[in-house]
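Undergrad: How does the following fold in three dimensions:
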Amino acid sequence: MKPVKRLICLFAGTVLIATACQNNQDKKIAVNKLPVTDTANFTQAEWLDSLVNFGSITMGEKINIVFRVKNTGTKPLLLSNVTPSCGCTVADYSKEAIAPGAVGMVQAAFDSNRSHPGDVRKTITVTTNTFNGAAGRTLIFTGFIKEKP
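TA: Numbering: from 1, shown residues only. From the prediction side, this is the model:
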């Protein structure tokens, strides 16, 4: 009987220690993880580049496209949920809060090997903490991909 009691006490002690350790984790929230639906923190933004034409490239080329956004409001501007429309584009963006008056960026790396020859129109959707931003802003880049000679 004593070994069973010891086993139960050992198990209960282990559970208590494991639970206590989990509660001591750092509770910091990154600025870019704050909800963009908090209307008290809405700001205003002006997209300086929302439509970019990269011209003509040859199949196999990789290019970088930059979209700039200026915080024209009085609160920090947050970008989140930056989502390209296809696997041919990888997007990166300003992950830190963009101060009032400052300019942030969404950068798109486009790989024409993962697309098709001819006219190209690709989009990137960005969520922001602006009055219309929760619905998502669509950034567009277009161009033409030539066949390899």
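
Undergrad: Tell me, how many residues neighbour residue 81?
TA: The number of residues packed near residue 81 is 12, by other C-beta atoms under 10 Å. No exception for glycine: its C-beta is placed from N, CA and C like everyone else's.

Undergrad: Make sure it is indeed in a strand.
TA: Yes: applying DSSP: H, G, I helix; E, B strand; the rest coil, one finds residue 81 inside a strand.

Undergrad: need the contact list for it.
TA: By C-beta atoms under 8 Å, 6 or more residues apart in numbering, the residues touching residue 81 are 125-127, 136.

Undergrad: Kindly recompute the last result at 6 Å.
TA: Contacts for residue 81 (C-beta atoms under 6 Å, 6 or more residues apart in numbering) come out as residue 127.

Undergrad: do the same with the one 10 residues further on
TA: Counting by C-beta under 6 Å, 6+ apart, residue 91 makes contact with 82, 84, 108, 124.

Undergrad: Is it located within a strand, as I assumed?
TA: Yes: counting by three-state DSSP, residue 91 is located in a strand.

Undergrad: And it, what's its pLDDT?
TA: On the pLDDT scale, residue 91 is placed at 97.

Undergrad: and it, bridged to which residues?
TA: residue 108 (DSSP bridges).

Undergrad: Also residue 126?
TA: Beta bridges link residue 126 to residue 137, judged by DSSP bridges.

Undergrad: Look at it and report its pLDDT.
TA: Value for residue 126, per-residue pLDDT: 96.

Undergrad: does it really touch residue 140, like I thought?
TA: No: taking contacts as C-beta atoms under 6 Å, residue 126 lies outside contact range of residue 140: 11.6 Å.

Undergrad: ok, the two, which is more surrounded?
TA: Higher neighbour count among residue 126 and residue 140: residue 126, with 22 against 14, using other C-beta under 10 Å.
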